[in-house]
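Novice: Show me how the following folds:
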Amino acid sequence: MKCKKAAESIAINKIIILILILLVIALFFFFYYRQGIWDYFKNLPGYTVDPKDSEVDYSKMSPDELVKYDCVQIGKIHLDYIRLGSESNPPTKLYLERQNIFIDFGKWNYLFGEKVFVGIVGKNIININPDFLDESFTSYLKYKDYLPSIAELKIINGAFILKPNVLCRTDAQNKELINQVSCVESCLVYDGECKETGNNDEVSLGGLDCKGNQECFVKNNDEKINDEDFRIEKLDVSKFAIEKQITSLLNNQEFKVSVGTRYDFDFSITYPNSFCYFIRTNKILLKSGYQAKEKGSLVSLITWTQSDDKTLEIVGIDILNNKKVLKRIKLNSEQTSNLYSGGKYITNEDFKKEVISAKKGDILYVLGTKFSFMDTGNYKIEKTDNNKIVIYKEYFGKWKIVDCNWWWFADSFNTDKLKNNLAETLVTNKCDY
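Specialist: Below is the predicted model of the structure:
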């Protein structure tokens, strides 16, 4: 009997020891991956700092004191989570794990699920992955329910951390954000005219800021390469390929393009002051931005896929000094493949509107649908019934039906599943885009 009790006591002790070991291991990983927990303990009553420790605690400083360190406080890191605004605001679902930024999907996903990398902290500066800074890209669309807004992500991007947990932007960065807001497309930006119909040598850029039924009409080609020391230095275009044949458009008025072909557009602008810039075809804005440096050269590369676009242009505007540079080129489209014939070309943004208004049997093409900085695709949509469509993606010169991860398989796609644009429709319905 005594032996049995002794054996039971030993077994219980082993279980207790095992539980304690597991608890120690769990605590180790918790503290190791949650560095901000130390900030929590430092703020507990009774915690004292060694007088020899010269580390400055910026979290105790007022806004006026932080200005001395070129810090305009935009939030804090609270137990490793990024929080914007006042302390009464809830934290975002973005958390820091050592130098990386991830999305918190909840307790169980954190323990067993996927970890989505959003950005990195280098030298106390936050850098958000560019694929999360565009609302049309897959990364943002797929996780947008867990992410801050695009505007908030842009505020977080480039922010810096003053130890232990103060989140800052410089005054210059804030002014740059304000100036970016002023970089807005308008008909005047493109030297256009708002009217209901255009002339034979004009092309429509759409409504922009025109009123009523008017559209913004511009000349097929136009240019002002330089305005004193503000000038366009380079405009090169090439087919997206390993071996590129580069064509300079700086002195050309027209350029021949093939429908369905992806092109690289490489440009540079020399500038003495800050300026806004816009790159677009007559159908879609490809890129816009604000260059804040006082002097230098903006060099950038963008891609677009030709559908039935009629013009390609770049505009730079120095608003404060009333200077502008512009180059617009007429695009001559040609069909080099039967893949894209017999249908209507639409944009990603007009996808839902065009599909709903299409008739049974209509074919629509969305070419160059962008999912990330480099990931694009060409799509065909067939309206098979009043409320059904079939979506195809081009794979190596052939159309293949897009596969969506539903529990049942069907070629048709109900229109009640449509989102505002094609990219979001494919992502939210877990399709193989």
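
Novice: what secondary structure does residue 139 sit in?
Specialist: Using DSSP: H, G, I helix; E, B strand; the rest coil, the secondary structure recorded for residue 139 is helix.

Novice: What sits closest to it if chain neighbours are left out?
Specialist: Take residue 139 and drop its neighbours on the chain: the residue closest to it by Cβ to Cβ, 6 or more residues apart in numbering is residue 131, 4.0 Å away. The C-beta positions use only the backbone N, C-alpha and C, and glycine is treated the same way.

Novice: for the chain, longest strand please?
Specialist: The longest strand of the chain (DSSP state E) is strand 323-334.

Novice: Quick check: what element follows that one along the chain?
Specialist: Per DSSP states H and E, the first helix or strand lying C-terminal to strand 323-334 is strand 344-345.

Novice: what sits up against that next one?
Specialist: Contact with strand 344-345 is made by 307, 308, 354, 358, 362, 363, 364, 365, 366, 367, as judged by Cβ atoms under 8 Å, 6 or more residues apart in numbering.

Novice: mind listing which of those residues are in strands?
Specialist: When DSSP E is applied, these are split such that 363, 364, 365, 366, 367 fall in strands.

Novice: The residue nearest to the second one when sequence neighbours are not counted and residue 417, how far apart?
Specialist: For residue 364, the nearest residue in space outside its immediate sequence neighbours is residue 381; the separation is 4.3 Å by Cβ to Cβ, 6+ apart. Using Cβ to Cβ, to the nearest Å, residue 381 is found at 13 Å from residue 417.

Novice: These two: who's more crowded?
Specialist: residue 381 (24 against 13; other Cβ atoms under 10 Å).

Novice: Show me what that one bridges to in the sheet.
Specialist: Beta-bridge partners of residue 381, counted by DSSP bridges, are residue 364, residue 391.

Novice: and it, what does it touch?
Specialist: Neighbouring residues of residue 381 by Cβ under 8 Å, 6+ apart: 351, 355, 358, 363, 364, 365, 366, 389, 390, 391, 392, 422.

Novice: how about 6 Å then?
Specialist: Taking Cβ atoms under 6 Å, 6 or more residues apart in numbering, we find residue 381 in contact with 364, 389, 391.

Novice: what does residue 382 give?
Specialist: Contact analysis of residue 382 by Cβ under 6 Å, 6+ apart lists 363, 390.

Novice: starting at the chain centroid, how far to stretch 366-385?
Specialist: When C-alpha coordinates are averaged (Cα atoms, centre = their mean, to the nearest Å), stretch 366-385 and its chain have centres 17 Å apart.

Novice: how about it: buried residues?
Specialist: For stretch 366-385, the neighbour count (16 or more other Cβ atoms under 10 Å) marks 366-373, 376-383 as buried.

Novice: For it, the averaged confidence score.
Specialist: For stretch 366-385, mean pLDDT is 83.

Novice: now swap in stretch 160-178 and tell me
Specialist: pLDDT averaged over stretch 160-178 gives 86.

Novice: three-state assignment of residue 286?
Specialist: Secondary structure, three-state DSSP: residue 286 is strand.

Novice: Model confidence score at it, please.
Specialist: In this model, residue 286 is scored at 89, pLDDT.

Novice: Apart from its chain neighbours, what residue comes closest to it?
Specialist: Distance criterion Cβ to Cβ, 6+ apart; nearest residue to residue 286, sequence neighbours excluded, is residue 279 at 4.7 Å.
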